[in-house]
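**Q** here are the coordinates; sequence isn't available:
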């Protein structure tokens with residue numbers, strides 16, 4: 001396995017935000033962290049790359065205790081995409097190139113430039129190369145942040161609501177590319193998500209948080225009406241629409257799945 005979390009606990013001003021969090025991720029897997037606002041999803045991601053320091057528990061990255069690794073070593077192994085991206089007077093190419101910093105010695109190499117160039121092409125962002133990021137839309141900035149994490153060539157990608165600023169076409173496009181990269185490069189990804197249908201489509205395993213604890217976790221079998229209603233407080237129906245499994249709120253929407 002690439003990442004293992006055991007009995008993780010985090011406090012904020014003596015308030016317990018996370019408790020007894022335990023899960024593991026293997027290479028080639030995408031794990032979706034699900035739950036309503038305020039349950040600790042973002043906090044968990046930040047603990048997984050030491051932006052925040054847990055109160056207790058263990059995080060092992062390829063068998064190494066994360067608490068004993070330096071920040072640069074963590075950056076070589078963990079790529080992080082936050083919800084909100086900081087801007088500055090940088091071109092898109094330079095902003096993405098910063099993701100190579102953990103690998104750069106005295107100077108930028110030809111390999112660094114080729115890695116960045118390849119990611120721009122793969123994410124279909126060639127037209128943004130020389131655009132300034134402080135003039136970009138939220139969706140464009142989100143793609144820049146994802147590209148910067150990918151060029152780190154990490155073993156684990158942590159993505160905090162990676163599609164929150166993207167239109168539907170770009171959501172599907174970006175998540176498809178992330179899934180391809182995870183499988184092709186034998187890495188792992190952990191994503192916080194609000195869209196249960198996107199999670200169903202792209203994730204292999206799911207972790208539902210409730211009250212800062214793991215309420216349920218596992219494969220597609222844990223996506224059930226009972227679990228979703230218990231976690232979100234909303235009755236839902238799960239069925240197939242156009243051959244794709246999906247979740248809709250119960251009520252009038254139920255008829256849609258039976259058409």
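**A** Great, that's in hand. The model shown is predicted, which means the values in this text are computed figures rather than measured ones.
**Q** switch to C-alpha atoms for all contacts and neighbour counts from now on
**A** Noted.
**Q** for stretch 27-34, what is the average pLDDT?
**A** Averaging pLDDT along stretch 27-34 gives 96.
**Q** Assign residue 157 to helix, strand or coil.
**A** strand (DSSP: H, G, I helix; E, B strand; the rest coil).
**Q** Surely it and residue 78 touch.
**A** Yes: counting by C-alpha atoms under 8 Å, residue 78 is a contact partner of residue 157 at 5.9 Å.
**Q** so after the strand or helix carrying residue 177, what's the next helix or strand?
**A** Using DSSP states H and E, residue 177 maps to helix 168-184. Moving toward the C-terminus from helix 168-184, the next helix or strand (DSSP H and E) is strand 188-192.
**Q** can you give me the angle the helix holding residue 177 makes with strand 188-192?
**A** Here helix 168-184 runs at an angle of 150 degrees relative to strand 188-192 (axes from the mean of the first three to the mean of the last three C-alpha atoms, to 10 degrees).
**Q** what's in contact with helix 168-184?
**A** Residues from elsewhere that reach helix 168-184 (C-alpha atoms under 8 Å, 6 or more residues apart in numbering): 27, 28, 29, 30, 122, 123, 143, 163, 187, 188, 189, 202.
**Q** just those now: which is nearest residue 131?
**A** Ranked by distance to residue 131 (C-alpha to C-alpha), the contacts of helix 168-184 are led by residue 143 at 13.0 Å.
**Q** for the closest one, what are its contacts?
**A** 123, 174.
**Q** same deal with residue 204?
**A** So residue 204 contacts 29, 30, 31, 32, 219, 220 (C-alpha under 8 Å, 6+ apart).
**Q** Next: residue 28.
**A** Contacts for residue 28 (C-alpha under 8 Å, 6+ apart) come out as 182, 183, 184, 185, 186, 187, 188.
**Q** now swap in residue 63 and tell me
**A** So residue 63 contacts 2, 3 (C-alpha under 8 Å, 6+ apart).
**Q** next one: the one 3 residues further on
**A** When contacts are counted by C-alpha under 8 Å, 6+ apart, residue 66 touches 49, 50, 58, 59, 60, 74.
**Q** can I assume the fourth one sits in a strand?
**A** Yes: under three-state DSSP, residue 59 falls within a strand.
**Q** how close does the nearest residue to it once chain neighbours are set aside sit to residue 122?
**A** Among residues not flanking residue 59 along the chain, residue 5 sits closest, at 4.6 Å (C-alpha to C-alpha, 6 or more residues apart in numbering). Residue 5 is 32 Å from residue 122, where distance means C-alpha to C-alpha, to the nearest Å.
**Q** Kindly report the same for residue 212.
**A** Distance of residue 212 to residue 122, given as C-alpha to C-alpha: 36 Å.
**Q** Counting neighbours, go ahead and name the busier of the two.
**A** A count of neighbours by other C-alpha atoms under 10 Å puts residue 212 above the other of residue 212 and residue 122, at 22 against 13.
**Q** separation between the more buried one and residue 37?
**A** For residue 212 relative to residue 37 (C-alpha to C-alpha), the value is 11 Å.
**Q** With residue 67 instead?
**A** From residue 67 across to residue 37, the span is 28 Å (C-alpha to C-alpha).
**Q** higher neighbour count, the two?
**A** The neighbour count for residue 67 versus residue 37, taken as other C-alpha under 10 Å, is higher for residue 67 (16 against 11).
**Q** which secondary element of this structure has the worst mean pLDDT?
**A** Each helix and strand of the chain was given a mean pLDDT (mean pLDDT, DSSP states H and E); the minimum falls on helix 254-258 at a mean of 53.
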